[in-house]
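Colleague: build me a model:
(one chain, ligands or ions: 3)
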Amino acid sequence: MATCEHAAAAGGQSAPLQFEENSLSEVKRVIAVLSGKGGVGKSFVTGSLAVELARRGNKVGVLDADITGPSIPKMLGMSGKRASGLGNLLLPEISETGIKVMSSNLLLANETDPVLWRGPVIAGAIRQFWSDTSWGPLDYLLVDMPPGTGDVALTVFQSLPVDGIVVVTSPQDLVSMIVAKAVNMADKMNVPILGIIENMSYITCPDCGKKIEVFGTSKIDEVASGYGVSVLGRLPINPALAAACDAGALEDALPENLLPDAVAACEAVAPHEGDGAPAAE
Ligand SMILES: Nc1ncnc2c1ncn2[C@@H]1O[C@H](COP(=O)(O)OP(=O)(O)OP(=O)(O)O)[C@@H](O)[C@H]1O
Ligand SMILES: [Mg+2]
Ligand SMILES: [Zn+2]
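Modeller: Ligands and ions are numbered 1, 2, ... in the order given. Below is the predicted model:
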């Protein structure tokens with residue numbers, strides 16, 4: 001998938017080439033986490049998947065493609081950290097449990113600086129996070145996408161060798177429309193949708209453990225099967241986890257096996273063939 005003729009046909013211009021991987025990166029699978037709108041928990045799902053995959057002994061990185069709204073470093077305890085350099089390359093910051101992260105948040109002089117970058121600068125940042133970042137050997141690079149299925153998301157799909165897409169929805173979403181858009185984009189980009197995760201799907205009663213669907217009965221199973229897409233999990237609203245994200249303690253706080261089907265779907269993605277032998281260790 002070096003270029004995409006669909007994008008060229010759709011836009012009437014030549015398709016941009018994929019950004020090149022550098023010689024110090026050996027990324028086996030690139031998995032993008034996408035949502036229809038902001039605030040549904042895309043970053044939370046990206047971070048949680050990263051933690052679960054890392055706990056299973058995988059080498060995991062997160063490329064925070066949400067350049068203007070980065071939130072991965074904070075939830076993985078990297079507040080105030082700055083990415084360092086190695087020659088011409090950037091080095092990702094490494095979390096307590098070994099998850100590598102590159103984010104605009106690690107490059108800003110001040111974490112609370114607003115990022116007012118426009119399209120070309122955003123594309124340039126994503127290029128830096130892929131081509132100019134020394135990822136080393138990774139089993140999984142998760143990409144926390146900017147919200148929506150618009151231009152920025154398209155740029156990411158055209159520029160990075162994405163192997164699969166995980167879609168995050170919430171019960172308040174127009175789920176059917178979001179899934180339709182995601183399926184459409186995936187088709188255009190020729191990337192499979194691994195499945196959908198419904199976040200904030202219900203609350204669990206602290207007294208009796210009953211599941212309460214505060215937003216009404218979930219339509220996710222129905223919508224997903226209508227599009228031939230799998231449901232990879234439904235996550236409850238869990239205020240303790242939100243607090244853990246705020247405190248940079250997701251790695252400690254995340255319960256075991258929160259997203260077994262999503263983990264299995266990631267593990268089912270065929271790795272890119274490298275220079276022969278799998279990354280040593
Ligand atoms: N299942 C959940 N239970 C409780 N809080 C959650 C859950 N999922 C996400 N949150 C919280 O909701 C907020 C929004 O989540 P998150 O940042 O992951 O969304 P997002 O889709 O990445 O948003 P954005 O579009 O701004 O990047 C965060 O404070 C997060 O900690
Ligand atoms: Mg986010
Ligand atoms: Zn109860």
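Colleague: mind listing what's buried along stretch 265-272?
Modeller: Ala265, Cys266, Val269 (16 or more other Cβ atoms under 10 Å). Every residue, glycine included, has its C-beta placed from N, CA and C.
Colleague: so the closest residue to ligand 2 within the chain, which state does it fall into?
Modeller: Nearest residue of the chain to ligand 2, counting by Cβ to the ion: Ser43, 3.2 Å away. At Ser43 the chain is in helix, as set by DSSP: H, G, I helix; E, B strand; the rest coil.
Colleague: quick one: residues contacting it.
Modeller: Applying Cβ atoms under 8 Å, 6 or more residues apart in numbering, one finds that Ser43 lies in contact with Asp66, Ser71, Ile72, Met75, Asp144.
Colleague: mind checking how far it is from Ala180?
Modeller: 23 Å (Cβ to Cβ, to the nearest Å).
Colleague: what about Asn184, neighbour count?
Modeller: Asn184 has 11 neighbours, counted by other Cβ atoms under 10 Å.
Colleague: quick revisit: need the buried residues of stretch 265-272 in JSON lines (columns: pLDDT and secondary structure).
Modeller: Supplementary listing: those in JSON lines, determined by pLDDT from 0 to 100; DSSP: H, G, I helix; E, B strand; the rest coil:
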{"residue": "Ala265", "pLDDT": "98", "secondary structure": "helix"}
{"residue": "Cys266", "pLDDT": "98", "secondary structure": "helix"}
{"residue": "Val269", "pLDDT": "97", "secondary structure": "coil"}
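Colleague: save these as JSON lines, and put in distance to ligand 2 too.
Modeller: Shown next, in JSON lines, are those (distance: Cβ to the ion, whole Å):
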{"residue": "Ala265", "distance to ligand 2": "20"}
{"residue": "Cys266", "distance to ligand 2": "19"}
{"residue": "Val269", "distance to ligand 2": "22"}
